[in-house]
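J.: quick check, what structure comes out for this input:
(one chain, ligands or ions: 1)
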Amino acid sequence: MRRTLAVLALSASAVLVGACSTTTAGAQSLGAAGPQIGLKNLRFDPSKVKAKVKQSITFVWKEKVAHNIVFDSKGPKSKLQSKGTFIVSFDKPGTYKYKCSIHPGMKGEVAVA
Ligand SMILES: [Cu+2]
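T.: Residues are numbered from 1 along each chain as shown. So this is what the prediction gives:
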């Protein structure tokens, strides 16, 4: 009398990839939803986006690696974080450059018009 338990070896981890839940509930409060930028493979994807004045620009962590987002000079700055989102918007047109201060290759810019 042996119960043969079928071992369901379906790897649950495979399902998790791509099922990333983005919690951007607060995005609307900053104005119309603008572009999203993913943080993935030590890159900003895409690294150049366009947005309108006051439009929200959402950075989404898509890997569990600590990054931050630091805009030049007077610009906004995120915490060092490895998940979640960071949302910014700009009141004036211009090109705003940013980087991750930990990874020298991680750079990007937002063109606000
Ligand atoms: Cu980084």
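
J.: excluding its backbone neighbours, what's nearest V88?
T.: Leaving aside its sequence neighbours, V88 sits nearest to P76 (CB to CB, 6 or more residues apart in numbering; 4.8 Å). Where C-beta positions appear, they are placed from N, C-alpha and C, glycine not excepted.

J.: how near is that neighbour to N41?
T.: Look at P76 and N41: by CB to CB, to the nearest Å, they are 24 Å apart.

J.: residue ranges with poor pLDDT in the chain?
T.: The chain contains residues with pLDDT under 70 at 1-31.

J.: near the ion, which residues of it?
T.: Selection of the chain residues close to the ion by CB under 5 Å from the ion yields H67, C100, I102, H103, M106.

J.: filter these down to the buried ones.
T.: Among those, those scoring as buried are H67, C100, M106 (criterion: 16 or more other CB atoms under 10 Å).

J.: count of neighbours near the residue nearest to V88?
T.: Neighbour count for P76, taken as other CB atoms under 10 Å: 15.
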